[in-house]
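Student: Fold the following, please.
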Amino acid sequence: MTLFERYLTLWVALCIVVGIAAGAAFPALFALIAAAEVARVNLIVAALVWLMIIPMLLKVDFAGLASIRRHWKGVGVTLFINWAVKPFSMALLASIFIGWLFAPLLPAGQGPSYIAGLILLAAAPCTAMVFVWSNLCDGDPAYTLGQVALNDLIMVVAFAPIVGLLLGVASITVPWDTLLLSVMIYIVVPVAMAQWLRRSALRRGTLDGLLKQLGPVSLGALLATLVLLFGFQGPQIIARPLVIALLAVPILIQVYFNAGLAYWLSRRFGVAWCVAAPSALIGASNFFELAVATAIALFGLGSGAALATVVGVLVEVPVMLSVVAIVKRSRGWYERGAAYPA
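Tutor: Next comes the predicted model:
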C-alpha cells in the first residue's frame, strides 16, 4: 500500500473541506461546471468516474465472467439486500427520524418531502462507484461487474413499482433518459474502453505496468470528484448545516445496517470473502444520479426531496470508505473457522 493510499481518509477529509470552501467562495464557477450535463448526468463527473473505474475494469477477464455462477449465494444475498431490504428499511428509518424524532427541528411542512427523497435514494443500487469500493477492498472484479449489470437490469422494471408503493403514488414518472444514459456512461462505455485497453496491453505484455501507472490516476479522480460534489453543494451546506446533518442520520444508519446485514449473511452462507466484501458495499451504496433526477422530476428542484437526495451524494464517499476499512479489518474474523470457507 502506498503512502497516498494509507492516508486516503485524510485526503478525503481535506477534499471535503476544500470542496465546501471552494463552492462557497466560487459559486459561479461551480454552477458553470454543474451546468455541463445531459439528462441531469454531469459530464465532468462522468469523465472523472471513467478515470476511477477503467483501471478496475482492466482487471476483468470477460472469459471469467461465467465464474460468477460459483458465487450464486453472494449474488442472492446482494439482490435480497438491494431489493427486499434497503428501500423498506430506509422508509422505516426516515419515518422514525425525519417524521418523528427530528420533526420539531426541521422546516415546517417539509417532513414528507424529505422522507420521499430518502426513499428515492435507497430504491436504486449504485452503478459506478462500487467498482472503486470493490477495488479498494480487493473484491472479485468479475463478480462486481456481473452484480452491477444484474442490478441495472432489475432496476429498469423494479424501481418505479417500489418507489410508487413506498410513496403511495399511483404512477411514477421515471426519468428514463437519466437512467439509460447513466447505464451507458457508467457501465457500457467504460467496459468497452477497458476491454479494448486490456486486449491491447495483453498483446504488448504491458498490462501489469499499465495497471500500476493508472492506480494513482484512479484515486486522484476519486478525490477530484469529491471536491466537485461538495463544491456543488457548498452554499447549501453552509446555509443549512442542521438540516443536512439531520438528514444524514438515517442515511448513515441505513448504510451501516445494510452493509452489515449483507456481510453477516454472506458469512452465514459461506460466501468467499472476495465476494462478501463487495456484496456488502453494493448492498449499502446508492445510485444518487437517478435519485436526484427523480426527486427533481417529481417534486421540483428546490424541494426537500431533492435536498435529501443531495445529502446522500455528500455522505456516499466518506461513509463507503469507512465500510471498506471495516470489511478489510474484519477479514480474519470472516474467514476464521471451517464453516465459513474463503
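Student: Give me the secondary structure label for the closest residue to Ala306 other than its chain neighbours.
Tutor: Leaving aside its sequence neighbours, Ala306 sits nearest to Ala295 (Cβ to Cβ, 6 or more residues apart in numbering; 4.5 Å). Using the backbone N, CA and C atoms, a C-beta is placed for each residue, glycine as well. Following DSSP: H, G, I helix; E, B strand; the rest coil, Ala295 is assigned to helix.
Student: Stretch 136-147 spans what distance, first to last residue?
Tutor: 17 Å (Cα to Cα, to the nearest Å).
Student: average pLDDT for that stretch?
Tutor: Averaging pLDDT along stretch 136-147 yields 90.
Student: circling back to that earlier point, how many neighbouring residues does the residue nearest to Ala306 have?
Tutor: For Ala295, the count of nearby residues is 27 (other Cβ atoms under 10 Å).
Student: low-confidence ranges in the stretch 151-300 of the chain?
Tutor: 169-174 (pLDDT under 70).
Student: ok, back up a step: pull up the gap between the residue nearest to Ala306 and Gly117, please.
Tutor: In this view, Ala295 and Gly117 are 5 Å apart by Cβ to Cβ, to the nearest Å.
Student: what is in contact with those two at once?
Tutor: Taking Cβ atoms under 8 Å, 6 or more residues apart in numbering as the contact rule, the neighbours common to Ala295 and Gly117 are 303, 305-306, 308-309.
Student: Now Pro125. Its backbone dihedrals?
Tutor: phi -70, psi 150 (degrees, to the nearest 10).
Student: so who does it touch?
Tutor: So Pro125 contacts 82, 86, 148, 151, 155, 282-283, 285-287 (Cβ under 8 Å, 6+ apart).
Student: how far away is it from Ala224?
Tutor: On the measure of Cβ to Cβ, Pro125 and Ala224 end up 24 Å apart.
Student: got it, and Ile185?
Tutor: 17 Å.
Student: Just want to know which of the two has more residues nearby.
Tutor: Using other Cβ under 10 Å, the more surrounded residue of Ile185 and Ala224 is Ile185, with 22 against 18.
Student: what about the closest residue to that one other than its chain neighbours, how many neighbours?
Tutor: Distance criterion Cβ to Cβ, 6+ apart; nearest residue to Ile185, sequence neighbours excluded, is Ala46 at 4.9 Å. Each residue near Ala46 was counted by other Cβ under 10 Å, and the total is 21.
Student: Ala46 and Met184 touch, don't they?
Tutor: No. With contacts counted by Cβ atoms under 8 Å, Ala46 stays clear of Met184, the gap being 10.0 Å.
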